[in-house]
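Student: okay, sequence plus prediction incoming.
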Amino acid sequence: MLPAAPKPRRWLLSVDPRVYHWDTLFVKGKEMWRHAGNRPDALRQLKQIHKGDRALLYHGKPDHALYALAEVSREPYPDPHHPETKKMVIDLRAVERLPRQIMLAELRENRPLRKIKFLKNTRMTICPLSDEEYTEILRSAGIVASPGIPLP
């Protein structure tokens with residue numbers, strides 16, 4: 001019998017929009033995401049991401065706002081552009097732009113979101129989110145579940 005597939009997890013992925021803008025992903029539809037960085041904590045988090053996981057996409061300076069939603073379309077793999085390093089990448093598929101961007105200040109003011117590690121260290125590029133945090137962020141952005149239709 002095959003092992004059960006892991007329950008999809010939720011993530012926050014952060015980039016500097018002056019280096020990579022999430023609109024690039026929406027123009028292409030699907031793309032290799034190479035912006036996790038080289039820090040050991042980012043590599044550790046990246047290795048926990050699986051195909052089917054959902055990611056909220058965040059723009060750092062100067063925007064400081066959650067921007068869109070994507071799905072991981074391929075498990076982490078070695079960066080083909082840097083074969084001599086331990087750098088890993090994932091493939092992302094664009095899902096949708098948030099109806100309303102959520103600014104960093106608004107995230108910090110939202111009581112149910114205060115435990116998100118990213119809010120204590122906005123230099124993180126990858127941060128896990130609980131299902132409750134993910135749902136609250138989508139609700140704040142204007143995406144709510146309908147009967148029989150789950151959240152994206």
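Tutor: All right, it came through fine. Numbers count the residues shown, from 1 in each chain.
Student: tell me which stretches of the protein form strands.
Tutor: Assigned by DSSP state E, the chain shows strands spanning 10-15, 30-33, 54-59, 65-78, 88-103, 126-129.
Student: helices or strands up against the third one?
Tutor: So that's strand 54-59. Counting contacts by 3 or more Cβ pairs under 8 Å, 6 or more residues apart in numbering; DSSP states H and E, strand 54-59 packs against strand 10-15, strand 65-78, helix 131-141. Backbone N, C-alpha and C define where each C-beta goes, glycine included.
Student: what about that strand, average pLDDT?
Tutor: Mean pLDDT, computed over strand 54-59, is 96.
Student: for stretch 74-89, the distance to its chain's centre please.
Tutor: How far stretch 74-89 lies from its chain's middle: 18 Å, per Cα atoms, centre = their mean, to the nearest Å.
Student: for the helix or strand of the chain with the lowest mean pLDDT, name the packing helices and strands.
Tutor: Within the chain, no helix or strand scores below helix 40-46, which has a mean of 90 by mean pLDDT, DSSP states H and E. Counting contacts by 3+ Cβ pairs under 8 Å, 6+ apart, helix 40-46 packs against strand 88-103, strand 126-129.
Student: go with 10 Å
Tutor: Applying 3 or more Cβ pairs under 10 Å, 6 or more residues apart in numbering; DSSP states H and E, one finds that helix 40-46 makes contact with strand 10-15, strand 65-78, strand 88-103, strand 126-129.
Student: and the third one, which residues are buried?
Tutor: It refers to strand 88-103. For strand 88-103, a neighbour-count test (16 or more other Cβ atoms under 10 Å) marks 88-92, 94, 98, 101-102 as buried.
Student: now the residues you listed in a markdown table, with pLDDT and distance to His50?
Tutor: A markdown table is the format used below for the buried residues of strand 88-103 (pLDDT from 0 to 100; distance: Cβ to Cβ, whole Å):
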| residue | pLDDT | distance to His50 |
| --- | --- | --- |
| Met88 | 92 | 13 |
| Val89 | 95 | 14 |
| Ile90 | 96 | 9 |
| Asp91 | 97 | 12 |
| Leu92 | 97 | 13 |
| Ala94 | 96 | 18 |
| Leu98 | 95 | 23 |
| Gln101 | 95 | 27 |
| Ile102 | 96 | 25 |
